[in-house]
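Student: Just to be clear, the model below is a prediction. Sequence and coordinates:
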Amino acid sequence: MTQVPPSPPGSTRPALVLKDVTKRYGGVVAACALRLEAEPGELLTLIGPSGCGKSTTLRLVAGLERPDEGTICIADEVVADRRHWQPPERRRVGLVFQDHALFPHLTVAKNIAFGLDKLPRAERSRRVGEVLDMVRLGHLASRYPHELSGGEQQRVALARALAPKPAAVLLDEPFSNLDDNLRTKVRADTVAVLREAGTTAMLVTHDQTEALTVGDRVVVMRDGEIEQADTPERVFESPATRFVASFMGEADFLPARVRNALLTCEIGVVSTVPGWTTGWDVDVVLRPHEVALAVDPDSAARVVAVEYHGAFVLHTVVLGSGSTLRSWQPHAVRHPIGTPVTVSVVPGITPTLLIGDTAVTAPPL
């Protein structure tokens with residue numbers, strides 16, 4: 001068993017570390033030189049398109065797959081590298097799957113106790129009671145899985161994962177089988193339990209809203225690589241790449257040029273760019289909530305589509321050049337198709353700038 005060197009006094013070791021982790025399936029690289037750390041108690045959400053490597057990453061941490069290269073550490077212990085590999089049952093991780101994977105012939109209490117067989121009976125019973133109280137299911141301890149709702153089954157699966165006091169809990173799209181209303185509640189309950197337990201967690205999801213609302217940090221993956229790992233606010237408001245901008249919410253792109261420290265595009269001045277010299281060409285990332293509209297009979301821009309979303313109405317506008325922008329408007333504002341409009345950027349917005357496919361905050365050297 002290989003141990004990570006002890007932390008210096010006053011420092012805190014990450015609960016989970018992936019260093020240059022690579023996994024191949026034949027000629028396909030499912031995970032490529034991944035570098036990622038999770039702090040104690042931190043909740044990471046992994047998101048990306050199908051086949052991006054997010055579930056492979058989870059399985060590598062769990063011990064369900066073995067990396068071809070790199071090192072994985074959990075709670076200061078090396079669990080996988082070129083010389084060592086620990087199976088899942090020795091990794092101090094709890095697993096929660098989308099199908100719950102509960103034993104149908106065991107009661108709720110016995111499902112939770114299943115991984116506690118090495119504890120004395122009294123201590124095992126006490127721990128089962130603790131996690132049942134944590135997920136607020138103590139009154140259902142004697143029921144069987146088929147007697148529970150989908151949300152209750154999910155909470156039992158979480159309680160079972162937490163019962164052995166793991167160093168990390170790994171959740172693989174745990175809410176995807178629930179309907180939208182129940183999903184929101186179960187998700188909030190799950191996050192509350194993880195926070196109460198203080199457990200480091202990694203959650204795989206395909207839902208952008210879920211990734212942003214749940215994670216302390218969001219890890220956006222593409223083609224086996226991490227495109228950006230940052231706070232939800234920065235991933236959404238300051239995407240690192242064109243892919244992140246378009247994947248983590250609706251985004252449109254307009255070519256723009258710097259003139260006299262002003263960033264100008266087809267819809268006018270977008271923002272000031274101090275320190276930039278005249279002549280730089282960039283693309284401006286504009287999200288629908290950043291785009292303002294005003295009726296203007298003299299404008300060449302026209303509304304070409306209107307979608308009602310309840311609290312907001314999404315307007316799609318074609319500019320004179322043929323470029324398209326989308327704009328969220330309050331539910332009471334509906335510009336009919338064909339309406340000529342002036343398009344501008346909402347005051348106070350500092351949009352993301354791209355050179356090629358990479359976000360920039362200053363002119364390249």
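Tutor: Nice, I can see it.
Student: Any idea how many residues pack against Thr272?
Tutor: Residues lying near Thr272 (other Cβ atoms under 10 Å) number 13. Every C-beta, even on glycine, is put in place using the N, C-alpha and C of the backbone.
Student: swap in the one 10 residues further on?
Tutor: Using other Cβ under 10 Å, Val282 is surrounded by 25 other residues.
Student: Give me the residues contacting whatever helix or strand Thr57 lives in.
Tutor: Assigned by DSSP states H and E, Thr57 belongs to helix 54-62. Applying Cβ atoms under 8 Å, 6 or more residues apart in numbering, the external contacts of helix 54-62 come out as 16, 18, 21, 23, 30-31, 34, 36, 46-48, 65-67, 72, 74, 80, 88, 91, 93, 95, 168, 170, 172, 202, 204, 219, 221, 224.
Student: what is the rounded mean pLDDT of that helix?
Tutor: For helix 54-62, mean pLDDT rounds to 96.
Student: got the buried residues for that helix?
Tutor: Lys54, Ser55, Thr56, Thr57, Leu58, Arg59, Leu60, Val61, Ala62 (16 or more other Cβ atoms under 10 Å).
Student: Closest one of those to Glu233?
Tutor: Relative to Glu233, the closest of those is Lys54; by Cβ to Cβ it sits at 20.8 Å.
Student: if we can go back for a sec, please narrow the contacts of helix 54-62 to those residing in strands.
Tutor: Among the contacts of helix 54-62, DSSP state E puts 16, 18, 21, 23, 30-31, 34, 36, 46-47, 72, 74, 80, 93, 95, 168, 170, 172, 202, 204, 219, 221 in strands.
Student: Now that we have the residues you listed, which of them are buried?
Tutor: Among the ones in strands among the contacts of helix 54-62, those classed as buried by 16+ other Cβ under 10 Å are 16, 18, 21, 23, 30-31, 34, 36, 46-47, 72, 74, 80, 93, 95, 168, 170, 172, 202, 204, 219, 221.
Student: pull the CA atoms of the helix holding Thr57 into CSV?
Tutor: C-alpha atoms of helix 54-62 as CSV (Å, rounded to 0.1, in the frame of the first residue of the first chain):
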residue,chain,number,x,y,z
LYS,A,54,-17.0,11.7,-17.9
SER,A,55,-18.3,8.2,-17.0
THR,A,56,-14.9,6.7,-17.8
THR,A,57,-13.4,9.1,-15.3
LEU,A,58,-15.8,8.1,-12.6
ARG,A,59,-15.2,4.4,-13.3
LEU,A,60,-11.4,5.0,-13.1
VAL,A,61,-11.8,6.7,-9.7
ALA,A,62,-14.1,3.9,-8.5
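Student: what's the distance between the residue nearest to Arg326 when sequence neighbours are not counted and Val306?
Tutor: Counting by Cβ to Cβ, 6 or more residues apart in numbering, Pro288 is the residue found nearest to Arg326 once chain neighbours are left out, at 4.3 Å. As judged by Cβ to Cβ, to the nearest Å, Pro288 and Val306 stand 13 Å apart.
Student: now do Gln98
Tutor: Distance from Gln98 to Val306, by Cβ to Cβ: 36 Å.
Student: Select the helix or strand of the chain having the lowest average pLDDT value.
Tutor: Least confident element among the helices and strands of the chain, by mean pLDDT, DSSP states H and E: strand 2-3 (a mean of 38).
Student: Pull the contacting residues for Asp172.
Tutor: Residues in contact with Asp172 (Cβ under 8 Å, 6+ apart) are Ser55, Leu58, Leu95, Val96, Phe97, Gln98, Val204.
Student: my read: the last one touches Ser50, true?
Tutor: It stands for Val204. No: using Cβ atoms under 8 Å, Val204 is not in contact with Ser50; the gap is 11.7 Å.
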